[in-house]
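Student: next come a sequence and a model predicted from it.
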Amino acid sequence: MSVTIKSNREIELMREAGNVLAIVHDEIEKIIEPGITTAHIDEVAASIIRKYGCTPSFLNYKGYPASTCISVNEMVVHGIPSKKQKLMEGDIVSVDIGVMYNGYHSDAARTWPVGEISPEVAKLVQVTKESFFEGLKFAREGYRIGDISGAIQDYVESYGYSVVRELCGHGVGIEIHEDPQIPNFRTDKRGIRLKKGMTIAIEPMINLGGREVVTLEDGWGVVAIDKLPSSHYENTVLITDSEPEILSKRK
């Protein structure tokens, strides 16, 4: 495992990437409505990213064909945008976006309601977001990765939801995915100790039903086997000598 400590210059570049990423998410939220295609969301995101002199991190990453991952309802992650896929009233849509600025990445995901959604699903989306902030409490120098993982799992399972285990958070910087991995559940090992200057993406992926998932034939999309909704919330986080800093937010 090779975990990098970022310099002040590198952190500033990641802040800029994160600022642009936050702008993109803000603009995407405004256009989410019934009838819009996931391809249109992808096009809007890519246009904004390039407008600010940045590059979509996901485009062509390991052959991925789009600038964003857009996952609807039971699709957990890595949904490929399509002109044929229209959002419908009552759906939820998870939009995962990476932005690269001068060689440094920021990564963040949000799950949005499409029109009016059921209270049950709205609660899932709310708890998923809240679980990120429960984990963030332990994103501090001296704690271990497992402390973040355990906090997320405990919070999510207290509501009866399931944590997806085949996917996890990760380091981020020069590469969109770096060491270390950040599981959203406890493992046999507590993981490395966090140090000032580490940059990590914490990203709970939470299912309303069971935790079991399967990858689609396209090799990308991951769906809940029971076809119940899944929610995703992610930010890029800097470990400091005090409070953690969310880099994927607007200045």
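Tutor: Sure thing, it's come through.

Student: where do the helices of the chain begin and end?
Tutor: Ranges of helices in the chain, per DSSP state H, are 8-31, 38-51, 119-136, 145-157.

Student: distance to residue 103, mean neighbour count and mean pLDDT added to those, as TSV?
Tutor: Bear in mind the C-beta positions are built from the backbone N, C-alpha and C, glycine included. As requested, the helices of the chain are arranged in TSV below (distance: least, Cβ to Cβ, whole Å; neighbours: other Cβ atoms under 10 Å; pLDDT from 0 to 100):
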stretch	distance to residue 103	mean neighbour count	mean pLDDT
helix 8-31	7	19	98
helix 38-51	15	19	98
helix 119-136	26	19	98
helix 145-157	25	22	98
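
Student: out of those helices, which comes closest to residue 89?
Tutor: Closest approach to residue 89 among the helices of the chain (Cβ to Cβ): helix 119-136, 12.4 Å.

Student: that closest one vs helix 145-157, what angle?
Tutor: Angle, helix 119-136 to helix 145-157, by axes from the mean of the first three to the mean of the last three Cα atoms, to 10 degrees: 160 degrees.

Student: want to throw the helices of the chain into JSON lines with distance to residue 64?
Tutor: JSON lines is the format used below for the helices of the chain (distance: least, Cβ to Cβ, whole Å):
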{"stretch": "helix 8-31", "distance to residue 64": "17"}
{"stretch": "helix 38-51", "distance to residue 64": "11"}
{"stretch": "helix 119-136", "distance to residue 64": "23"}
{"stretch": "helix 145-157", "distance to residue 64": "26"}
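
Student: residue 206: which of those is closest?
Tutor: helix 119-136 (4.5 Å).

Student: one step back: the helices of the chain: which one's closest to residue 224?
Tutor: helix 119-136 (11.4 Å).

Student: now do the closest one: distance to the chain's middle.
Tutor: The gap between where helix 119-136 is centred and where its chain is centred comes out at 13 Å by Cα atoms, centre = their mean, to the nearest Å.

Student: pull the CA atoms of that helix into CSV?
Tutor: Once side chains and other backbone atoms are set aside, the C-alpha atoms of helix 119-136 remain, and they are given as CSV (Å, rounded to 0.1, in the frame of the first residue of the first chain):
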residue,chain,number,x,y,z
PRO,A,119,-41.2,8.9,2.7
GLU,A,120,-39.5,5.5,3.0
VAL,A,121,-37.0,6.3,0.2
ALA,A,122,-36.5,9.9,1.3
LYS,A,123,-35.4,8.5,4.7
LEU,A,124,-32.9,6.2,3.0
VAL,A,125,-31.4,9.2,1.2
GLN,A,126,-31.3,11.3,4.3
VAL,A,127,-29.6,8.5,6.4
THR,A,128,-27.1,7.8,3.7
LYS,A,129,-26.0,11.5,3.8
GLU,A,130,-26.0,11.6,7.6
SER,A,131,-23.9,8.4,7.7
PHE,A,132,-21.1,10.2,5.8
PHE,A,133,-21.0,12.9,8.5
GLU,A,134,-21.0,10.2,11.2
GLY,A,135,-17.9,8.8,9.5
LEU,A,136,-16.4,12.2,9.1
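
Student: that helix - contacts with which helices or strands?
Tutor: The elements that helix 119-136 packs onto, with contact taken as 3 or more Cβ pairs under 8 Å, 6 or more residues apart in numbering; DSSP states H and E, are strand 104-113, helix 145-157, strand 199-202, strand 205-207, strand 230-232.

Student: and the contacts of that helix?
Tutor: By Cβ atoms under 8 Å, 6 or more residues apart in numbering, the surrounding residues in contact with helix 119-136 are 92, 111, 113, 117, 148-149, 151-152, 154-156, 159, 161, 184, 202-206, 208, 229, 231-235, 237, 244, 246.

Student: just the buried residues of those.
Tutor: Applying 16 or more other Cβ atoms under 10 Å to those, the neighbour count classes 92, 111, 113, 117, 148-149, 151-152, 155-156, 161, 184, 202-206, 208, 229, 231-235, 237, 244, 246 as buried.
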